[in-house]
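Q: next come a sequence and a model predicted from it.
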Amino acid sequence: MLWRAAFVFLLLAASARALEVGFAEADLTPSLEEGKPVWLAGYGPGRKAEGVHDPLMARCLVLRDGENSLAFVSVDLVGLQRSEVLAVRKRLPHIERVIVTSTHNHEGPDCIGIWGPTFVQRGVDDAYLALVVERVVDAVNRAMEDIKPCRARFGTADGAELVSDSRRPIVKDSLLRILRFDRPEAKAGDAPLGVLVQWNSHPESLGKANRLITADFPYGTVAALKERYACGVVYFSGAVGGLMAPPGDDVKNSEGEVVHEGTFEYAEGHGRNVAELAGKAIDAAEPIELTPFAGQTQV
């Protein structure tokens, strides 16, 4: 009986797959120095960028279970289209599944073609989209090079006070979700290898009057989490519906006065509030098994 138990144990050990993770990011901020206008996406046509407040980024993590690899990429754009996503996948044949998603940022360049100088003029710069593809591919490859053994934890925190729904019927998902990745030998208090954050709110705290390129409040969220945990952070927008967005009254200045939407003070303050919510989920995260991978593609 002892040999049978040992044999079963060896079979289980052989079938176990170690989880590995890698993080990387790339700057997607368009240049304003080449004489070509950058038309900002969202609200309406004719919003020409006049400067850069903070960079637009592609952030990615790669997971590997010993045999298969998955890449998850989030870009600070209004909506990278299928043609560009397919171009990214074509250049990453060594990765089984590549998921590219956008934060739905209204303060980055038009990537769809409906926010040009007028209602009947396209606002997309094809050379910029080619650059986005190139840099996303580079980020995924660098994440693969950075891959390390890890353990995964999953956590949630409810932030109903940090998201509103301005259109009836009022339906919103106020649950923030995270995946935390730690070194296998990590002890309590050790910094994680990296964190995936998923939150359900439109990045549109600045409004249509803004003319500076920015990632909106996710920039503040990622910056605050990086400062707190000293690790890679990947931010994903979830079900933002129509229209789940910041409430507009959750930020106060040093004198206790409410700071309203439409300012960078609000965007950065709201971003920090979302980071604080994420921190609760990160610190309370529980172990979760993510291997072996299982996936399905539907066209």
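A: Okay, I see it.
Q: strands of the stretch 101-250 of the chain, residue ranges please.
A: 148-149, 151-158, 164-165, 175-182, 194-199, 212-213, 232-237, 244-245 (DSSP state E, counting those that start in this stretch).
Q: so can I have a markdown table of those strands showing distance to Ile112, mean pLDDT and mean neighbour count?
A: In short, each C-beta sits where N, CA and C put it, glycine included. Converted to a markdown table, the strands of the stretch 101-250 of the chain look like this (distance: least, C-beta to C-beta, whole Å; pLDDT from 0 to 100; neighbours: other C-beta atoms under 10 Å):
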| stretch | distance to Ile112 | mean pLDDT | mean neighbour count |
| --- | --- | --- | --- |
| strand 148-149 | 37 | 98 | 14 |
| strand 151-158 | 32 | 98 | 18 |
| strand 164-165 | 24 | 92 | 18 |
| strand 175-182 | 27 | 98 | 22 |
| strand 194-199 | 23 | 98 | 26 |
| strand 212-213 | 17 | 98 | 18 |
| strand 232-237 | 16 | 98 | 23 |
| strand 244-245 | 19 | 92 | 22 |
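Q: same list (the ones you listed) but as CSV, adding distance to Val98.
A: Below are the strands of the stretch 101-250 of the chain laid out as CSV (distance: least, C-beta to C-beta, whole Å):
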stretch, distance to Val98
strand 148-149, 20
strand 151-158, 20
strand 164-165, 32
strand 175-182, 18
strand 194-199, 15
strand 212-213, 26
strand 232-237, 14
strand 244-245, 27
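Q: what's the closest of these to Pro37?
A: Shortest distance between Pro37 and the strands of the stretch 101-250 of the chain, using C-beta to C-beta, is found for strand 212-213: 12.1 Å.
Q: pull up the pairing partners for that closest one, direction included.
A: Strand pairing for strand 212-213, determined by DSSP bridges: strand 51-52 (parallel).
Q: show me the shaky parts of this protein.
A: 1-16, 299 (pLDDT under 70).
Q: related to what we said a few turns ago, mind checking which of the strands of the stretch 101-250 of the chain is nearest Ala58?
A: Using C-beta to C-beta, the strands of the stretch 101-250 of the chain put strand 232-237 closest to Ala58, at 9.7 Å.
Q: isn't Val137 up against Arg91?
A: Yes: in this structure, Val137 is within contact of Arg91 by C-beta atoms under 8 Å, at 4.7 Å.
Q: of the two, who's got more company?
A: When Val137 and Arg91 are compared for neighbours, Val137 comes out ahead with 21 against 17, by other C-beta atoms under 10 Å.
Q: against Arg89, how distant is the more buried one?
A: 9 Å (C-beta to C-beta, to the nearest Å).
Q: swap in Asp173?
A: 28 Å.
Q: kindly report the same for Asn210.
A: In terms of C-beta to C-beta, Asn210 sits 33 Å off from Arg89.
Q: same question, Val133
A: Plainly put, Val133 is 10 Å away from Arg89 if you go by C-beta to C-beta.
Q: more crowded one of those two?
A: Val133 (21 against 17).
Q: not counting its neighbours along the chain, what's nearest that one?
A: Leaving aside its sequence neighbours, Val133 sits nearest to Ala87 (C-beta to C-beta, 6 or more residues apart in numbering; 4.8 Å).
Q: and that neighbour, helix, strand or coil?
A: helix (DSSP: H, G, I helix; E, B strand; the rest coil).
Q: contacting residues for Arg64?
A: Listed by C-beta atoms under 8 Å, 6 or more residues apart in numbering, the contact partners of Arg64 are Leu19, Glu20, Val21, Leu70, Ile147.
Q: tell me the bridge partners for it.
A: Glu20, Ser69.
Q: and the helices in the stretch 101-250 of the chain?
A: All helices of the stretch 101-250 of the chain, identified by DSSP state H, counting those that start in this stretch, fall at 126-145, 217-229.
Q: among these, which is nearest Phe293?
A: Nearest to Phe293, of those and by C-beta to C-beta, is helix 126-145 at 15.3 Å.
Q: which other helices and strands contact the closest one?
A: Applying 3 or more C-beta pairs under 8 Å, 6 or more residues apart in numbering; DSSP states H and E, one finds that helix 126-145 makes contact with strand 20-27, strand 57-64, strand 69-75, helix 82-90.
Q: again, only using 6 Å
A: Judged by 3 or more C-beta pairs under 6 Å, 6 or more residues apart in numbering; DSSP states H and E, helix 126-145 is in contact with strand 20-27, strand 57-64, helix 82-90.
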